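Q: Curious how this folds, go ahead:
(chains A and B)
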Amino acid sequence: MPISAWRPLVLARTYIGRWGLIAALAALPVYYAIRDLTHGYAAGIVHNHLIIRHDLTNIGSNVILGLANGAIWALIAIGYTLVYGIIELINFAHGDVFMIGSFTAVGFAATLGLGLGSGVLPLIFGLIATLIICMLVCGSLNVLIERVAYRPLRNAPKLAPLITAVGISFILQNVGLLWKGGAVQSVNDLIQQNDTVFSISAVPIQRGYILALGAMIPLVIALAWFITRTRLGRAMRATAQDPEAARLMGINVDRTISLTFLIGGMLAGAAGLVYELYQTNIVYNQGFTAGLIAFTAAVMGGIGNVRGAVLGGLIIGVIQAFADSRMSGGEWTEAVVFAYLILIMVLRPRGLLGEETREAG
Amino acid sequence: MSPGEGTPGSDAVGAAPEQPTGTPPPPQGGWRELQAQLREWRATIDRRLPPWWTRALAATAIMVGILLPFAFSEASNFMDATIKSLALAVMALGLNIVVGFAGLLDLGYVAFYAFGSYAAGWFGSGFFFKANAHVGIDHMVSGGPGIHLNFVLIMIAAAIICALAGIIIGLPTLRLRGDYIAIVTLGFGEIIGVLAVNGQDIHIGGGMTLTAGDFGISAIDSPYFGLGGPFSELNLRPWYWLILGVLFIVLFVNVRLRDSRLGRAWVALREDEVAAVSMGIPLVRTKLLAYALGAAFGGVSGAFLGSYFTVVSGDNFQFGFSVLILSMIIIGGLGSIWGSLIGGMALGYVNYWLLPNVLNNVPSKLGLNFQLDTVEFGVYGFLLVLVMIVRPQGLFPERRRKLELAGEVAPEDAQLAEVSGSVGAGS
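A: Predicted coordinates for the structure are as follows:
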């Protein structure tokens, strides 16, 4: 490759290599761990005295919080990565599908009459019903979007669907704006997500964390099973690899693409419900930020790769947790996340677990 | 009418006469038939008129463009929208170099708007109050502490700063391909946006900060040239002529660049990087020049907008702006100079004039009880989707792409060819 023959890049790559990547990823936790141990951190105020502790509890809670946030990004990122893998489109509308998922969850929970006073059993069944509804709504919405905005442009210049995606994103945001208004709305904290369930060596594990990770892990396992073990999953992989050859082998490419959008939308719907329960507030443009972060996660992990998307989502969640809690009130969080992205792209141009996609080969 | 609508005529200079007449596919359905008919009519017009008619039309368009402000009052909404649209069209022309010519998808173009605007803020206001530099300005209007440079110098400074920023963002993308470039540039744009908002916490000595955050660097000097009247909010005509002049220069540079050795190198890289490099095109220099030049135009326009709004606020520089400029060039026709110009003008007018001024009263006239601005976003999105579905190649596609699209290659074959091509490129 002639690009990599450029001298400074070759040198940088030789000297930094894989260890540079690991060092970059480990930099934040290790730095703050050492800092916590040597300088200590403020653990609270007792009798007007600042308690300074020197242990790793704070790092632990940062990491677990990050993983829980990252679980939501991972669910959204899978939608990006599946769609990119199969039609090489950055689906800008995906984040807004997630937003619609959150709104649907809030609306449907209210319809069911779930409130702060609901009993445990109705709550569990109600939330499961809400989850199913959210997944169905977002899945079919995504399929509809594909049908209306992307399929007519299948043979168009490559960037044309990008613009329709942006257009759909604007339309969905406007729907959200008309639905719930322009302000941030707080929603009932149905699961009391701040309650500590148990602690692992003084790191409190809250209900919200369990919900986020507990929703993400089974869904990802189910998805992995679906993609690797079923006929339809094999069709998806074949189409992602080479749509023409897949068509020649008798795979219905259009239906496979619709299926991909359905799965991506369903995961976004699940993420919408989890987000709403976990953050306890919703706003019409939440999908924009979430979409940006999730897309970053998908690229960081290697776009087109499901495991990469999950890994990228979790890593970004942890980076965010560190930046939020440690760097002047979180105002630099976004910059830190994107700086990490650029760094990883420089060190590993195909992302962490990147495989060769057709275009990026 | 507007200068933007005057220019389709000059578009014909580049595109129409060379269009091969033997290629139109057999008409099927009304739309195709209509297209074929239009093409035929255009060919007939080209035959009938003397060969210099396109130049005459272009000259007329330029004259109309220059005289346009006299048709409107000095501070009308339409003039305001026209000025903003022209500035956005300049940005679209800059982004077109990066995305259209060189094929590097840049989603962080807002960064150069930011740098350009901050150049106007830094070098044309009292923001750096400890510094004291006055060059070529009207001391009656903008004396006082701070750096006050002539607007020409500010634009040059903006272009240089942005070119350097473009090179900096270009460097990490050199090894990347396709949409990975998009995300890295997007990240860069977001970082610059965060920097603009939080810049008030970055102290650069003497109690001065890098930016003024959301509060904004305000009271930026108006340009001063000693002629063309005073630049003020009450008289928009000088602003208009200034940005029109900038647009003409940028257009000229763009056309010359496209037809230059460098322009051909960009197109070659876009079409097939490996082949281009093996033909001896210096990849690093060519790509970085695309970033630098594209960014420089964005910077010039950003400086103009900063000066026009008289305030540079940190929260202006959002990802949505990059998307707006990108949608301009894609709707105009990627890689086509006249397409970018017209796409830029068209979306500018939709954003700044059609939606806020014209269509806003339509629902109430129809007896509907809502304001259009509540669904403005949705209408805009709907327009984007509609235009792309009706005309996926953009309004005025580049000549080369038009040939590709009109060629007799069936879509499936084209896709196959593309797939095998990129497989070859991967090795």
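Q: Going by C-alpha atoms from here, please, whenever you check contacts or count neighbours.
A: Fine.
Q: Can you report how many residues lie near the closest residue to chain B within the stretch 101-250 of chain A?
A: Residue of the stretch 101-250 of chain A nearest chain B, by Cα to the nearest Cα: A:Gly167 (3.6 Å). Neighbourhood size, A:Gly167 [other Cα atoms under 10 Å in any protein chain shown]: 27.
Q: what secondary structure does it sit in?
A: A:Gly167 falls in the helix class when you classify it by DSSP: H, G, I helix; E, B strand; the rest coil.
Q: what about the residue in the stretch 301-427 of chain B that chain A sits nearest to, helix or strand, and which?
A: Nearest residue of the stretch 301-427 of chain B to chain A (Cα to the nearest Cα) works out as B:Gly381 at 3.6 Å. Here B:Gly381 sits within helix B:376-390, counting by DSSP states H and E.
Q: Mind giving me the packing neighbours of that helix?
A: If you count contacts as 3 or more Cα pairs under 8 Å, 6 or more residues apart in numbering or on different chains; DSSP states H and E, helix B:376-390 packs onto helix A:160-180, helix B:319-332.
Q: Which stretch among the ones you listed is buried most, on average?
A: helix B:319-332 (a mean of 26; mean count of other Cα atoms under 10 Å in any protein chain shown).
Q: contacting residues around that helix?
A: Outside helix B:319-332, the residues within contact range by Cα atoms under 8 Å, 6 or more residues apart in numbering or on different chains are A:159-160, A:163, A:166, B:88, B:91-93, B:95-96, B:100, B:107-110, B:186, B:189-190, B:335, B:338-344, B:346-347, B:384, B:387-388, B:392-397.
Q: 6 Å instead?
A: B:Ala92, B:Leu107, B:Gly108, B:Tyr109, B:Val110, B:Gly339, B:Ser340, B:Gly343, B:Gly344, B:Gly394, B:Leu395, B:Phe396 (Cα atoms under 6 Å, 6 or more residues apart in numbering or on different chains).
Q: What's the mean pLDDT across that helix?
A: For helix B:319-332, the mean pLDDT works out to 89.
Q: anything in the next helix-or-strand element following that helix near chain A?
A: Later in the chain than helix B:319-332, the nearest helix or strand by DSSP H and E is helix B:337-349. No - shown here: helix B:337-349 not in contact with chain A (Cα under 6 Å from any Cα of the partner chain), separated by at least 12.9 Å.
Q: how far is whichever helix or strand comes after helix B:337-349 from where the chain is centred?
A: As assigned by DSSP H and E, the chain's next helix or strand after helix B:337-349 is helix B:362-365. Helix B:362-365 sits 32 Å away from the centroid of its parent chain (Cα atoms, centre = their mean, to the nearest Å).
Q: Would you mind putting the CA coordinates of helix B:362-365 into PDB?
A: Extracted in PDB, the C-alpha atoms of helix B:362-365 (Å, rounded to 0.1, in the frame of the first residue of the first chain):
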ATOM      1  CA  VAL B 362     -49.400  29.200   4.700                       C
ATOM      2  CA  PRO B 363     -51.100  27.000   7.400                       C
ATOM      3  CA  SER B 364     -52.900  29.900   8.900                       C
ATOM      4  CA  LYS B 365     -54.100  31.100   5.500                       C
END
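Q: who touches that helix?
A: In contact with helix B:362-365 (Cα under 6 Å, 6+ apart) are no residues whatsoever.
Q: Now do the strands in the stretch 201-350 of chain B.
A: B:217-218, B:311-312 (DSSP state E, counting those that start in this stretch).
Q: who's in contact with B:Asp106?
A: B:Ala182, B:Thr185.
Q: again with B:Leu57
A: Neighbours of B:Leu57 in contact, by Cα under 6 Å, 6+ apart: none.
Q: List the buried residues of the helix or strand encompassing it.
A: For B:Leu57, the element it lies in under DSSP H and E is helix B:53-67. Across helix B:53-67, burial judged by 16 or more other Cα atoms under 10 Å in any protein chain shown covers B:Trp53, B:Thr54, B:Leu57, B:Ala58, B:Ala59, B:Thr60, B:Ala61, B:Ile62, B:Gly65, B:Ile66.
Q: what's near enough to touch B:Tyr113?
A: B:Gly298, B:Gly299, B:Gly302.
Q: change it to 10 Å
A: By Cα atoms under 10 Å, 6 or more residues apart in numbering or on different chains, the contact set of B:Tyr113 is B:88, B:91, B:119, B:158, B:162, B:189, B:295-306, B:316-317, B:321-322.
Q: Hmm, B:Lys130 and B:Lys204 touching each other?
A: Careful, residue B:204 is Ile and not Lys. No - using Cα atoms under 10 Å, B:Ile204 is not in contact with B:Lys130; the gap is 11.2 Å.
Q: buried stuff in whichever strand or helix holds A:Thr260?
A: Element membership of A:Thr260, judged by DSSP H and E, is helix A:253-279. Buried residues in helix A:253-279, counted by 16+ other Cα under 10 Å: A:253, A:256-278.
Q: Where does the prediction get shaky in chain A?
A: A:1-6, A:8-18, A:355-361 (pLDDT under 70).
Q: centroid residue for it?
A: A:Trp73 (1.6 Å; Cα atoms, centre = their mean).
Q: How much space separates B:Lys84 from chain A?
A: To chain A, B:Lys84 is 22 Å away according to Cα to the nearest Cα, to the nearest Å.
Q: So for that residue, what pLDDT did the model give?
A: pLDDT for B:Lys84: 93.
Q: pretty sure it is in a helix, no?
A: Yes - assigned with three-state DSSP, B:Lys84 falls within a helix.
Q: Does it touch B:Tyr308 like I think?
A: Yes - B:Lys84 lies in contact with B:Tyr308 (Cα under 10 Å); the separation is 8.9 Å.
Q: hey, what's in contact with both of those two?
A: With Cα under 10 Å, 6+ apart, B:Lys84 and B:Tyr308 have common neighbours B:Trp239.
Q: For the residue nearest to A:Gly233 when sequence neighbours are not counted, which residues are in contact?
A: Nearest non-adjacent residue to A:Gly233, counting by Cα to Cα, 6 or more residues apart in numbering or on different chains: A:Ile227, 3.8 Å away. Contacts here follow Cα under 10 Å, 6+ apart; on that basis A:Ile227 touches A:Ile221, A:Gly233, A:Arg234, A:Ala235, A:Met236, A:Arg237, A:Val306.
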